[in-house]
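Peer 1: predicted coordinates and the sequence they were generated for:
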Amino acid sequence: MKRKLIMITTSCMLIIFSIGTISYAVSPQVQANIAAQDNFKTLLKSINTEYRDFYFTTKDEVSMAKLGNPIQWATIDINKYDPSIKISEQVTREPFYTYPVIAGNNVITDFSIILKNEEWHVVDFGGALTKNIYKLASENNFNPDDCFLLNFGGDIFVIVNKNGEEMAFSPYYSDQNAGLKEKTLVNSDIIKKSFMNKVRNIQEKAKQGNYKTIGSNETLYGLPPLEFKQKGIFERLSIYFSHLL
């Protein structure tokens, strides 16, 4: 009886472990990481004398380069934005990740990947977005892993969970009327004021027929966000185990 109980318990544990492994392996985050790593290695091999075009200062940096932890993107439908609710509670997370490219202890540039038509695609290799995030994280004592990127009204904002408090900054955007200065970490209430200013501005321009001229990403203005539609589960499992080998 005791032996039978041990066998049943062991079988249950194996089943739970298998389910957990499968769920992990086929998740968008893991599949994105695999695609990012594979594409990044391929692109690095193609960089020769033009390494400065990718923000590297020496060839040694290229040989040392690796990807850090990804930062996920999100959007908010401005037609449903509510300033009384925490920003993090009303966003739609996107199958869109930006990775810091790291050489030694330095963040060199950005590497971004997005899910489209069931495939992960590289959409950017360059820029200083993650460099700005890591710099402000060091200056303000927060973890870059506790951030997500938000595209709102055509501008980029970084939403930070600092010790349970929602804070934020914009790497490139300032709003004097809201008290927002670029590259400055502030309480999320200031960001919310800036969001409301943007909402009013966009709604006013929409009334004037200038809806499509506002920003470059029409998803921000009420159209559907990106879909988390991936390949079939068995294909994703194959990708995961092939990556391990």
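Peer 2: Done, it's in. Just so you know, these numbers come straight off a predicted model, no measurement behind them. Residues are numbered from 1 along each chain as shown.

Peer 1: show me the contact partners of stretch 117-133.
Peer 2: The contact list for stretch 117-133, computed with C-beta atoms under 8 Å, 6 or more residues apart in numbering, reads 31-32, 35-36, 39, 43, 53-55, 68, 71, 96, 98-101, 107-115, 144, 147, 149, 156, 158, 171, 183, 229-231. Using the backbone N, CA and C atoms, a C-beta is placed for each residue, glycine as well.

Peer 1: give me the subset of those lying in strands.
Peer 2: 71, 96, 98-101, 107-115, 147, 149, 156, 158 (DSSP state E).

Peer 1: and residue 143, how many neighbours does it have?
Peer 2: Residues lying near residue 143 (other C-beta atoms under 10 Å) number 12.

Peer 1: make residue 1 into 440 and carry on from there
Peer 2: In the new count, where the first residue is 440, that last one comes out as residue 582.

Peer 1: and the spatially closest residue to it that is not a sequence neighbour, what does it touch?
Peer 2: Nearest residue to residue 582, sequence neighbours excluded (C-beta to C-beta, 6 or more residues apart in numbering): residue 576, at 6.6 Å. Contacts for residue 576 (C-beta under 8 Å, 6+ apart) come out as 582, 583, 586.

Peer 1: right, and the last one touches residue 601 too?
Peer 2: No. Residue 586 sits out of contact with residue 601 when judged by C-beta atoms under 8 Å, with a separation of 9.4 Å.

Peer 1: and the two? Which one has more around it.
Peer 2: Ranked by neighbour count (other C-beta under 10 Å), residue 586 and residue 601 place residue 586 first, with 23 against 16.

Peer 1: so what's residue 500 closest to, chain neighbours aside?
Peer 2: Using C-beta to C-beta, 6+ apart, the closest residue to residue 500 is residue 542 (4.1 Å).

Peer 1: and the one you found, what are its bridge partners?
Peer 2: Counting by DSSP bridges, residue 542 forms beta bridges with residue 545.

Peer 1: so for stretch 602-616, first residue to last residue, what's the gap.
Peer 2: 28 Å (C-alpha to C-alpha, to the nearest Å).

Peer 1: still on that earlier bit, in JSON lines: the contacts of residue 576, plus pLDDT.
Peer 2: What follows is the contacts of residue 576, written out as JSON lines (pLDDT from 0 to 100):
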{"residue": "582", "pLDDT": "96"}
{"residue": "583", "pLDDT": "96"}
{"residue": "586", "pLDDT": "95"}
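
Peer 1: circling back to that earlier point, measure the residue nearest to residue 500 to residue 505 for me?
Peer 2: Distance from residue 542 to residue 505, counting by C-beta to C-beta, to the nearest Å: 8 Å.

Peer 1: residue 526 now?
Peer 2: For residue 526 relative to residue 505 (C-beta to C-beta), the value is 31 Å.

Peer 1: repeat for residue 628
Peer 2: Using C-beta to C-beta, residue 628 is found at 37 Å from residue 505.

Peer 1: likewise for residue 603?
Peer 2: In terms of C-beta to C-beta, residue 603 sits 30 Å off from residue 505.

Peer 1: ok, now residue 496?
Peer 2: Following C-beta to C-beta, the distance that separates residue 496 from residue 505 is 16 Å.

Peer 1: confidence score at residue 565?
Peer 2: Looking at residue 565, its pLDDT reads 89.
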